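Chemist: Pasting the sequence and the predicted model now:
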Amino acid sequence: MSIASQESHASMRHNEAEKAAETAEAAYQGSFEVSFDEDGQVQSVPSEAGENDIHYTHHIATYPPGDIKPWTKGGTQALSTAEGQETAQFLTDAPLSMGISADGSAAADKQKSGELLADHTFLHLAKRLRVFKALWHSLKATYDLLENKDQQDQFLNRVSAEIAPAVGLFQKMERTLFPWILKNHRTTFDLFRETTSAYAPAGSTTRLHSRSRGIVMCVGNKHSIYARTTVKVLREVLKSHLPVEIYYAGEQDLSLENQKWFEQLEDVSVIDITSKFDQDILQISGPIIKPFAMLVSRFEEVILIDSDAYFLQDPAVLFEDGGYKEVGTVFFYGRTVLRKAAGVNKRAWLYNYLPTVSNHPSKTRWFRSKGDQDQDSGVVVLNKRIHFLGLLAICKMNDVQERDQVTYRATWGKKESFWIGMEMIQERYSFVRFGGGVIGDLGDAVPYKGDESSSLRNNDISPSESRGYRPSLSASAFMRRSRVCGNQLHFNYKGQPLWWNSGLVRDKSIENSPYLKYTAWIRDEHGVWDIENSCLVPTFHGALKEVEWNDRQTAFDMLKLDRSVAEELQQPRVKNVLPIPRLVKADGAKGGKGNNEAV
């Protein structure tokens, strides 16, 4: 179909998308049956699956076979035809206008009607990425052959006439899609070679294991106080030997003093991300640098960790996760944030701007109008040998034009770009099936926020009020006693606590906020959120669980390390030296039994 014909059908896509959204079913094929998770999410499970099968422990994105056609000789020959030249022009044109007026009024009008954009630029981007994927795989063997002969320069200007048109289209697409890469690399193949162990030294029989796996952190001055503790915890508490790379965006982002502090630690590297890409084009800073840091990291298998994320065991355990072994990623859901009354119709948006999708979007909370976000990007695990192109797509969604005019208007910042980027280029990915819960202490009235009586009144009001219910005083008192308040918790594939966000204090946004007691936890799907105070109220007997004693001891060791970091800094305005709560076994939710049974 010509580009003109494609555009003539574009007006039909919105109605088709709405129908798809209403049925909440993605195109799907294979030997799978449909069942339901305990949290009500639709789950596609192989009919032969057992109770420990990854299709029960994870949500695995699966695509209809053959959606992306491989690039063929016929495709290369067609580039010389009029229709082929029209298609090549479409694939290599400079980015189109996103249809946003200077004052943003056009976007506002379109959002009122449930649409983000009237044009189909994002749809065009998905089509371009999928063609690029087909070309990349088609030409990789040619590049590898030349590289093995140390003749990779010939790929750019001396390939055979048979493939020259395809190579020319490939180069033009690279300049259109990823111009910021070409500052330091001739092609994306060069970047792939640099950042994976796919190209081991000649005659080598072993993988480059010492540098094939590692941890990536993105740290600025503001978050360096958390990152100092996090790196020390990895080494001294969790005994992790994974190398660590610290990325920042220029000296104004991370001071020389902070850089030197991290560099003196064992097996820790500090890298300016702006030296790796053309910053004039890319204009990245802050949390936006996350996927770009993963892309240029020297590690083939990457665990991205936020500076204020803390594990209860060595993060290397994630490389043994069943979902990771199956598809090469581990993603985590965040907590349920109630859906806003107005805004983008995200179901229609997704179906309208992607040619096809996997079976996963129908499981998302915003697809089912259950919440405004799904993924938590505090920890992301990805194998670049498998998902190099997927990571390129994720980075493209965070490119300056895409993020400002599309991605961040329709989704919760960079977080959703990880799984949606994989959808755009159609690479399989996995989520640990459990939503983000909470870990902390029982009956928290948050008195340190100021007016204690005001805090108590706020806690008397359950989030269930949003459904028109106000609890009685006795019910409110019960909820204060049984609620768990603290940091956002995430689980391993068995549903047991693995890591949490937001540091080690009760509320890092409050000055002199006390250290948190890690005694109890609840899963997202087993409670009702009081988002303002970061608390979960259990919805049934058995939802409230006690933190295992050995995990409480691990958390206690983290508090001691964090205090030592504060004492070393000796800068109260930067990091307070806080008193450490006593570690008392009887403080546990069940009196310290630590058996994860119902309270």
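Modeler: All right, it came through fine. Computed from a predicted structure; not experimentally measured.
Chemist: Could you use CA atoms for every contact and neighbour count after this?
Modeler: Noted.
Chemist: how far away is residue 493 from residue 133?
Modeler: 31 Å (Cα to Cα, to the nearest Å).
Chemist: And the residue nearest the centre of the protein?
Modeler: residue 377 (3.6 Å; Cα atoms, centre = their mean).
Chemist: What is the three-state secondary structure of that one?
Modeler: strand (DSSP: H, G, I helix; E, B strand; the rest coil).
Chemist: Could you check the pLDDT of it?
Modeler: Here the pLDDT value assigned to residue 377 is 93.
Chemist: That one contacts residue 431, correct?
Modeler: No: the criterion here is Cα atoms under 8 Å, and residue 377 misses it with residue 431 at 11.7 Å.
Chemist: can you list residues touching both of those two?
Modeler: Between them, residue 377 and residue 431 share these contacting residues under Cα atoms under 8 Å, 6 or more residues apart in numbering: 331, 332.
Chemist: Spit out the contact partners of the residue nearest to the centre of the chain.
Modeler: 306, 331, 332, 414, 415.
Chemist: switch the cut-off to 6 Å
Modeler: residue 415 (Cα atoms under 6 Å, 6 or more residues apart in numbering).
Chemist: same thing with the one 5 residues further on?
Modeler: With contact set as Cα under 6 Å, 6+ apart, residue 382 has these partners: 301, 302, 328, 329.
Chemist: so which strand or helix has it?
Modeler: strand 375-383 (DSSP states H and E).
Chemist: And the next helix or strand past that strand?
Modeler: Following strand 375-383 toward the C-terminus (DSSP H and E): helix 384-397.
Chemist: who does that following helix touch, helix- and strand-wise?
Modeler: helix 417-425 (3 or more Cα pairs under 6 Å, 6 or more residues apart in numbering; DSSP states H and E).
Chemist: Check the offset of the following helix or strand past the helix it packs on from the chain's centre.
Modeler: Next helix or strand after helix 417-425 toward the C-terminus (DSSP H and E): strand 430-432. When C-alpha coordinates are averaged (Cα atoms, centre = their mean, to the nearest Å), strand 430-432 and its chain have centres 11 Å apart.
Chemist: can you list the contacts of residue 382 in JSON lines and add distance to residue 504?
Modeler: Shown next, in JSON lines, are the contacts of residue 382 (distance: Cα to Cα, whole Å):
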{"residue": "301", "distance to residue 504": "27"}
{"residue": "302", "distance to residue 504": "24"}
{"residue": "328", "distance to residue 504": "30"}
{"residue": "329", "distance to residue 504": "27"}
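Chemist: want to throw those into TSV with neighbour count and pLDDT?
Modeler: Formatted as TSV, those follow (neighbours: other Cα atoms under 10 Å; pLDDT from 0 to 100):
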residue	neighbour count	pLDDT
301	27	97
302	25	98
328	22	97
329	27	98
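Chemist: of those, closest to residue 424?
Modeler: Relative to residue 424, the closest of these is residue 329; by Cα to Cα it sits at 15.8 Å.
Chemist: Now for the closest one: which residues touch it?
Modeler: With Cα under 6 Å, 6+ apart, residue 329 has these contacts: 381, 382, 429, 430.
Chemist: in stretch 366-376, what's buried?
Modeler: Burial within stretch 366-376, assessed by neighbour count using 16 or more other Cα atoms under 10 Å, is assigned to 366, 367, 368, 371, 372, 373, 374, 375, 376.
Chemist: Now do that stretch: distance from first to last residue.
Modeler: End-to-end for stretch 366-376, by Cα to Cα: 14 Å.
Chemist: Provide the strand pairings for the strand holding residue 382, with the direction of each partner.
Modeler: strand 301-305 (antiparallel), strand 329-333 (antiparallel) (DSSP bridges).
Chemist: want to throw the ones you listed into a markdown table with distance to residue 223?
Modeler: Formatted as a markdown table, these follow (distance: least, Cα to Cα, whole Å):
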| stretch | distance to residue 223 |
| --- | --- |
| strand 301-305 | 13 |
| strand 329-333 | 22 |
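Chemist: quick one, strands of the stretch 51-200 of the chain?
Modeler: With strands called from DSSP state E, counting those that start in this stretch, the stretch 51-200 of the chain shows them at 58-60.
Chemist: oh sorry, the question was meant for the stretch 401-550 of the chain
Modeler: Counting by DSSP E, counting those that start in this stretch, the strands of the stretch 401-550 of the chain are 430-432, 437-442, 484-491, 497-500, 520-522, 527-530, 535-538, 545-546.
Chemist: Residue 195 is nearest to which of those?
Modeler: Across the strands of the stretch 401-550 of the chain, closest to residue 195 is strand 430-432 (Cα to Cα), at 22.4 Å.
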